[in-house]
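Predicted model follows, preceded by the sequence.
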Amino acid sequence: MDLTFSAGELAFRDALRAWFAANDPGEEPVGDEDAHFRWRRDFQRRLADDGWAAVHWPAEYGGRGATLTESAIFFEELGRAGAPLPANVLGLLLAGPTIMAWGTPEQKERHLAPILTAEEIWCQGFSEPDAGSDLAAVKTRAKQLDDSRGALSSGAGCEARAKRERTGWVITGQKVWTSGAQYSKWCMLLARTDPGAAKHRGLTYFLMDMEQDGVEVRPLRQITGESEFNELFIDGARVPDAQVLGGEGNGWKVALTTLMNERAGLAFFLQVRMRRLLDRLLGEAAASGRLEDPLIADRLGELHLRAEVLRLTAYRGLTAIEKYGQPGPEGSLTKWMWSQTNQRITELAADLLGPAALKDGGQWSYELLRARGNSIEGGTTEVLKNIVAERVLGLPRSR
Amino acid sequence: MDFDLNEDQREIKSVARELLGARSTWARVRKAAESGRYDEALWRELVELGWPGIAVSEENGGQGLGIVELVVLLEELGYACAAVPFLSTAVAAAILDRFGGEEARGRWLPGLLGGETRVGVGRAGLIIDGAEGPAALLVHDGRLILVDSAREPLGTIDPTRRFGRVADDEPAGSWTADTSAVAAALVLAAIAAELVGVCQRALDMTLAYVGERRQFGVPVGSFQAVAHRCAEMLLHTESARSTAYYAAWAIDAGEDASVSPTEAAALAAAAAATGAREVTASAIQAHGGIGFTWEADVHWLYKRAEVDRALLGGTAGHHAALARAAAARLAARA
């Protein structure tokens, strides 16, 4: 057991700190989503220019081949510097690694570089109105487009069928909770290609061009008033065969690669961001003398404990993955712990600061409302508990 | 960064689990508890194996291992809910070895390692093995003090162990050296570690029960209300484990650690005090009516948990100390 960073990890961290010291992200634009997005895109370009945009990617694709611990350090330092998540976070964390794992050489050549530079933004088209927690229930339909010219007129059936050339797919359906779709050039799209096959078998993973007539993006206004998410209406969108990832009918496996990448690096960023929020509250409580109130001190201390437990548990999970190739039982707990603690911090802010934390347009008001999404996005707490019960504790399937 | 037990520590853990599984069955624990005596046969065996001296230097007759190894053993003794005076003995021995000075070491260490001397460990109102023996080590205002004034026996809800208390309200203490804050941290980390094992046992027993017990034609563990309770139990158990290991490591690492033993121990104490109550109470609840019976044995874990929680001093004091420390760090940075 050694909870200190190695010399190499410290050197990595110091190099990052030096970079962040020289590259101030500047003030976070408030109230203008497009300006906020530009801020994030510009900052990713600066990271990419100096090789910091995707430290976990192999060097051949423009990364640094960072270890999991170094990757965690990157996200910790990003949060510590008050820098934003890169604009193309879904491309960097999800699309890139999935394409590296399943893509053809042409797909890697075509897609990876523009992800790194934020030139082409990616979104994730998985969830649907009737396929949320039950993701494999997706209904969006992809039908093969046959070039059947001559097939009917020639009458020489067998020969004609053999000559039929596939020229791609036509996609129709609806996606929801699509973050950043309004800025995206590409979509990681999960669609059903074989309705007759078993639920998990009839799916295919497409790389869909968002810039076409068959794709309509409608922003979803959330309880904060802003629109991080969108609905995606897909009506006859075309995707060429070359844009199928991992082969027809293999979509569920490919999607699992994406989902497995979803929580790893982000966890450390979210944890540090939460820590900053808690530190702000602690600072305000100390400045106003409220820390002297035993009830307030009790609640603040408990939140500090929770934040530390989350940090320690995340590092335990990291060690387990590095040593044994998979997270231990603690690995499935961090997202749940984070959402619960982040919500409680914002609730304590509302209790502690009163109306000042509930002002229209105020920072704490935003955090309070935004935190309600924490226990839903990326897996509801209820589903996470089911997963823990069934897969970690080995209990019989819930009903 | 390596937040995991090493090969040797895993080996210690599995050997202890196996030995205690065979020697400290619920039948044995129940018998000892009902007779109000320690399981002397088991205690003799553990003493012969050298367990009380696990974290005592070899030059002083111990095994020369660290607090992480001590914590691993404590976790397993908690898991077995063993009726032996291990916690007070091993912790007092480790503290005397590290901070005790030659005179105290010479006077008490041989008797502690031989399993005969009892030096109580706790706080003024509640001391494990506190009534008999020449002295007691008490956590007082975040430091450890050595008390040899009058103490008296105290019966608690946990009859698997003996307890005492200081007779006077204000304990007359000596020995408040600079290191006594680390010694106090060691006491808290040790009790927290024992509770990690208590939590794990409560969880394991519950999982076995709800996987087996059928109602409405299905195992009750397939009901989400029950399954989610079990998930909560795991969350508390792992939170207590992460912080208990962290505290043990911080004490062993000393100057190399980025956290003070005091702060890490406060985390461990608060997480264990919260988790142990939640998890052991949940175990009774998930066992239903059976869980409320004497024979089901889940209650021993709940009783151990409540008394250990009191030994840790509850949660509010630790929470407040953590909040103040975090705020002071922020102020220093600004």
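Looks like it arrived, so ask away.

just the helices in the stretch 1-150 of chain B please.
Secondary structure of the stretch 1-150 of chain B (DSSP state H, counting those that start in this stretch): helices located at B:7-23, B:26-35, B:40-48, B:67-80, B:86-99, B:101-113.

which SS class is the residue lying closest to A:Ala83 once chain neighbours are set aside?
Take A:Ala83 and drop its neighbours on the chain: the residue closest to it by CB to CB, 6 or more residues apart in numbering or on different chains is A:Pro25, 4.2 Å away. Backbone N, C-alpha and C define where each C-beta goes, glycine included. A:Pro25 falls in the coil class when you classify it by DSSP: H, G, I helix; E, B strand; the rest coil.

and A:Pro25, how far is that from chain B?
When CB to the nearest CB, to the nearest Å is the yardstick, A:Pro25 and chain B sit 19 Å from each other.

show me what contacts that residue?
A:Pro25 is in contact with A:Trp39, A:Phe43, A:Ala81, A:Gly82, A:Ala83, A:Pro84, counting by CB atoms under 8 Å, 6 or more residues apart in numbering or on different chains.

Convert stretch B:237-252 to PDB, retaining C-alpha atoms only.
Output for stretch B:237-252, consisting of C-alpha atoms alone and laid out as PDB, is shown next (Å, rounded to 0.1, in the frame of the first residue of the first chain):
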ATOM      1  CA  THR B 237     -18.700  -1.200   4.200                       C
ATOM      2  CA  GLU B 238     -16.400  -0.100   1.400                       C
ATOM      3  CA  SER B 239     -16.400   3.500   2.700                       C
ATOM      4  CA  ALA B 240     -15.300   2.300   6.100                       C
ATOM      5  CA  ARG B 241     -12.700   0.100   4.500                       C
ATOM      6  CA  SER B 242     -11.200   2.800   2.300                       C
ATOM      7  CA  THR B 243     -10.800   5.200   5.200                       C
ATOM      8  CA  ALA B 244      -9.500   2.600   7.700                       C
ATOM      9  CA  TYR B 245      -6.800   1.500   5.300                       C
ATOM     10  CA  TYR B 246      -6.000   5.100   4.600                       C
ATOM     11  CA  ALA B 247      -5.600   5.900   8.300                       C
ATOM     12  CA  ALA B 248      -3.400   2.800   8.900                       C
ATOM     13  CA  TRP B 249      -1.200   3.800   5.900                       C
ATOM     14  CA  ALA B 250      -1.000   7.400   7.100                       C
ATOM     15  CA  ILE B 251       0.300   6.200  10.500                       C
ATOM     16  CA  ASP B 252       2.800   3.800   8.900                       C
END
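
chain center to it: distance?
Relative to the chain's own centre, stretch B:237-252 is displaced by 12 Å; criterion: CA atoms, centre = their mean, to the nearest Å.

near chain A at all, it?
Yes: in this structure, stretch B:237-252 sits against chain A according to CB under 8 Å from any CB of the partner chain; the contacting residues are B:Glu238, B:Ser239, B:Arg241, B:Ser242, B:Thr243, B:Tyr245, B:Tyr246, B:Trp249.

what number of residues lie near the fifth one?
A total of 29 residues lie near B:Thr243 under the criterion other CB atoms under 10 Å in any protein chain shown.

Against B:Ala266, how distant is it?
B:Thr243 sits 9 Å away from B:Ala266, going by CB to CB, to the nearest Å.

Same check on the second one?
Taken as CB to CB, the spacing of B:Ser239 relative to B:Ala266 amounts to 14 Å.

who touches A:Leu85 in this structure?
The neighbourhood of A:Leu85, defined by CB under 8 Å, 6+ apart, consists of A:Arg40, A:Leu78, A:Leu266, A:Phe269.

Actually, B:Thr89.
Taking CB under 8 Å, 6+ apart as the criterion, B:Thr89 is in contact with B:Pro52, B:Leu112, B:Gly115, B:Thr117, B:Arg118, B:Val119, B:Asp129.

just checking, which of those residues belong to strands?
With strands taken from DSSP state E, the overlap with the contacts of B:Thr89 comprises B:Val119.

In TSV: the contacts of B:Thr89, plus neighbour count.
Compiled in TSV, the contacts of B:Thr89 are given as follows (neighbours: other CB atoms under 10 Å in any protein chain shown):
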residue	neighbour count
B:Pro52	29
B:Leu112	29
B:Gly115	20
B:Thr117	22
B:Arg118	24
B:Val119	29
B:Asp129	23
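
In which helix or strand does the closest residue to A:Ala53 other than its chain neighbours reside?
When the adjacent residues along the chain are set aside, A:Ala53 lies closest to A:Leu47, with 4.3 Å between them (CB to CB, 6+ apart). Take DSSP states H and E as the rule and A:Leu47 turns out to sit in helix A:33-49.

I appreciate the help and will end here.
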